[in-house]
Structures are given as structure tokens and as C-alpha cells.
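Trainee: What would the 3D arrangement of this be:
(one chain, ligands or ions: 1)
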Amino acid sequence: MARTVLITGCSSGFGKLAAKSFLAQQWNVIATMRAPERESELISGDNLILARLDVTDPSSIRAAVEAGSDRFGGIDVLVNNAGYGGHALFEEATDASIHAMFETNVFGPMNTMRAVMPGMRKQGGGTIINVSSMAGLIPVPGNSVYTASKHALNGLSEAMALECAPFGIKVRIVEPGAFPTTQFLANVDTRSAGNDAQLKAYETKLRAHFAAQVAQSAAQSGAAADPQDVADKIFECATQETPVHNPVGADAGMLVGMMAAASSRQDFLDQVAPMLTPQDL
Ligand SMILES: NC(=O)c1ccc[n+]([C@@H]2O[C@H](COP(=O)([O-])OP(=O)(O)OC[C@H]3O[C@@H](n4cnc5c(N)ncnc54)[C@H](OP(=O)(O)O)[C@@H]3O)[C@@H](O)[C@H]2O)c1
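Mentor: Have a look, this model is predicted:
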């Protein structure tokens with residue numbers, strides 16, 4: 001019998017690619033997004049439900065889970081993919097942008113996990129795949145709130161992997177490096193409350209430094225980062241035995257290698273500091 005996956009954030013990027021990957025392998029797919037009325041590629045059919053789901057709106061989550069369970073008999077895999085990035089120096093990030101980011105990137109996955117777990121427990125198991133980021137494993141200066149949100153998601157996922165194991169529920173984390181998903185770049189929250197000239201100059205320098213590092217890493221790997229690799233890793237986590245952590249991308253591989261080779265977390269932080277931050281103002 002076909003297995004069933006519910007994916008959040010299917011309007012673009014990794015979520016849409018993942019929905020297509022599962023469909024191509026004859027899965028039942030509950031492809032969810034905030035505005036399904038705008039969707040033209042994913043069309044509801046025998047094994048696809050296109051459902052409205054905003055991860056900050058528990059009633060929309062309940063409705064999508066119920067619709068999927070009623071039609072397909074249960075949900076085997078949840079992919080928490082919805083999320084967005086943020087650029088601002090922490091001192092100038094607005095309260096509204098900090099809270100909004102945690103609502104989507106942290107409380108959102110909590111909402112969806114709690115909605116599918118009772119069903120997974122009843123059916124004797126399932127898999128929850130949380131799309132985090134390398135920013136869940138390393139600090140990204142200039143993206144500190146995003147870093148905090150993805151570290152929170154990683155901590156939650158590691159604890160839940162242990163907490164849920166006795167019920168046969170696996171929790172996996174997919175940690176992409178930098179990938180050129182168009183909407184991710186367009187949706188980055190750049191709200192900033194201040195207008196301090198020193199901070200503005202520093203932020204510009206920080207941003208240029210980071211962009212140069214990403215470009216250098218891409219040049220070293222010799223191939224453009226392909227977002228399909230992330231969708232493939234999500235599918236692998238749903239169908240094969242994988243570790244809890246699943247970094248994806250050449251830059252992610254390089255950083256994970258540095259982490260493994262470092263003698264301590266402090267040693268890693270010392271090594272990575274010049275890559276992530278200009279060392280002066
Ligand atoms: N691209 C990268 O370099 C990168 C690297 C590391 C991690 N990631 C992570 O990968 C995930 C997917 O990102 P992407 O690159 O594929 O970007 P994307 O194309 O912008 O996709 C993000 C998706 O999340 C949805 N979304 C945002 N807020 C939502 C909410 N409250 N409820 C439901 N859906 C919501 C967006 O829907 P709308 O169309 O409604 O806005 C969109 O479908 C994110 O969690 C991101 O943090 C991306």
C-alpha cells in the first residue's frame with residue numbers, strides 16, 4: 001500500500017521539489033502551503049491533496065492532517081520544511097521580526113509535530129523530518145536570530161528523536177548549506193530598527209564577507225548547489241536508515257569535516273571565525 005507524506009511549505013523551493021519527488025515514487029502526498037489558490041504545478045488528484053496550511057495556525061494544521069488521514073488512512077511521514085531566513089544585526093533586529101521568525105521556524109514545527117504524533121503512535125510509528133540548516137549547527141553572524149531559530153529546531157529534534165524512539169517514531173534533521181532557491185532569497189526578513197552608521201557599515205562588510213565565503217566554497221566544489229539534492233536527502237530520510245543529522249551541500253560537508261577534525265567546540269569556533277566574520281570593523 002502507498003505510504004503517505006505531509007509536507008509544509010510546498011509553494012516553492014525544497015518543499016515543492018520534495019512533493020514532486022515523493023509523487024514520482026507513487027507516494028500519497030499532502031502538499032501544503034499558505035496560498036494553494038495560487039498553485040499551478042501541484043494539482044489535487046488521486047494521490048495528491050493540495051491543502052492550505054500555515055504552520056502558525058493550528059486549526060489549518062488540524063484540517064490538513066484530518067483531510068490527509070481521512071483520505072489516505074494515516075500519515076507515515078511529516079516533512080517540516082516551511083521556514084525563512086533573516087538578515088539583521090541582532091542589536092537592530094525588531095521585536096516583531098524576532099517573534100515572527102520563532103513562530104514560523106520553531107513553534108511552527110512544534111505545532112505540526114504535535115498534530116501528527118498521536119496518529120503515528122496509534123499506527124505504531126512514523127518519521128518526522130525537520131528541515132533545519134547549517135545555521136542549526138554553526139553560528140552565522142548577521143543571521144543570529146535565524147541561527148537561534150535553527151539551533152532551537154535542532155535541539156528540539158535531537159530530544160524528540162530520543163523521546164519518540166520507543167513509539168517507533170523516527171526524527172531526522174536535514175541541514176542544507178547555501179542553496180539558490182529563489183524564494184528563500186526573496187523572503188529573507190531584513191527588517192532593522194536602527195540607523196546607527198557604525199552598525200550599518202559593519203553589516204555591509206559582514207554581508208560582503210559572508211557572500212565571498214559562499215562564492216569561494218561554491219567555486220571550490222566545482223558545481224552549483226542543486227536544490228534537488230535537498231529533496232533527495234529528505235526522500236532518503238523517509239525511506240532509508242539515516243543518522244539524526246543529515247547535512248547537505250559541499251559547504252555543509254566542508255564545515256562538518258572541520259567540526260569532526262576540531263579538538264573541541266572552541267577549537268572549531270576559533271577555526272571558523274575568520275571564515276564567518278571580518279576580524280575588524
Ligand atoms: N535555501 C537555502 O539556502 C536554505 C539553506 C538552509 C536551510 N533552508 C531551509 O529550507 C527550508 C525551505 O526553504 P527554501 O530554500 O525552499 O525557501 P522557499 O522557497 O522560500 O520555501 C519556503 C517555504 O516556506 C513557506 N512558508 C513560510 N512561512 C510559512 C508559514 N507560516 N506557514 C507555512 N508555510 C510557510 C513558504 O510559503 P509562502 O509561499 O506562503 O511564503 C515557502 O513555501 C526553510 O526552512 C529554510 O530555512 C534553506
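Trainee: Packing partners of the helix or strand harbouring residue 99?
Mentor: Secondary structure from DSSP states H and E places residue 99 in helix 95-102. Applying 3 or more Cβ pairs under 8 Å, 6 or more residues apart in numbering; DSSP states H and E, we find helix 95-102 packed against helix 144-164. C-beta: built from backbone N, CA, C; applies to glycine.
Trainee: Could the C-alpha coordinates of the helix it packs on be exported in PDB?
Mentor: The C-alpha coordinates for helix 144-164 follow below in PDB (Å, rounded to 0.1, in the frame of the first residue of the first chain):
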ATOM      1  CA  SER A 144      21.800  35.500  14.700                       C
ATOM      2  CA  VAL A 145      18.100  35.200  15.100                       C
ATOM      3  CA  TYR A 146      17.900  32.700  12.200                       C
ATOM      4  CA  THR A 147      20.800  30.800  13.800                       C
ATOM      5  CA  ALA A 148      19.000  30.800  17.100                       C
ATOM      6  CA  SER A 149      15.700  29.500  15.500                       C
ATOM      7  CA  LYS A 150      17.500  26.700  13.700                       C
ATOM      8  CA  HIS A 151      19.600  25.700  16.800                       C
ATOM      9  CA  ALA A 152      16.300  25.600  18.700                       C
ATOM     10  CA  LEU A 153      14.900  23.300  16.000                       C
ATOM     11  CA  ASN A 154      18.000  21.100  16.200                       C
ATOM     12  CA  GLY A 155      17.800  20.800  19.900                       C
ATOM     13  CA  LEU A 156      14.100  20.000  19.800                       C
ATOM     14  CA  SER A 157      14.700  17.400  17.100                       C
ATOM     15  CA  GLU A 158      17.500  15.700  18.900                       C
ATOM     16  CA  ALA A 159      15.500  15.500  22.100                       C
ATOM     17  CA  MET A 160      12.400  14.300  20.200                       C
ATOM     18  CA  ALA A 161      14.400  11.600  18.400                       C
ATOM     19  CA  LEU A 162      15.200  10.100  21.800                       C
ATOM     20  CA  GLU A 163      11.700  10.800  23.300                       C
ATOM     21  CA  CYS A 164       9.900   9.200  20.300                       C
END
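Trainee: Run the angle between it and helix 95-102 for me.
Mentor: 30 degrees (axes from the mean of the first three to the mean of the last three Cα atoms, to 10 degrees).
Trainee: what's in contact with helix 144-164?
Mentor: Helix 144-164 is contacted by residues 83, 85-86, 88-90, 93, 97-98, 101-102, 105-106, 109-110, 113, 117, 128, 130, 132-133, 135-140, 170-173, 175, 244 when judged by Cβ atoms under 8 Å, 6 or more residues apart in numbering.
Trainee: That helix - what's its average pLDDT?
Mentor: Mean per-residue pLDDT for helix 144-164: 98.
Trainee: now do stretch 70-89
Mentor: The pLDDT scores in stretch 70-89 average 96.
Trainee: does the ligand sit close to it?
Mentor: Yes - using Cβ under 6 Å from any ligand atom, stretch 70-89 comes into contact with the ligand via 81-85.
Trainee: can you give me the helices for the stretch 1-150 of the chain?
Mentor: Here the stretch 1-150 of the chain has its helices, by DSSP state H, counting those that start in this stretch, at 13-24, 58-72, 95-102, 108-122, 144-164.
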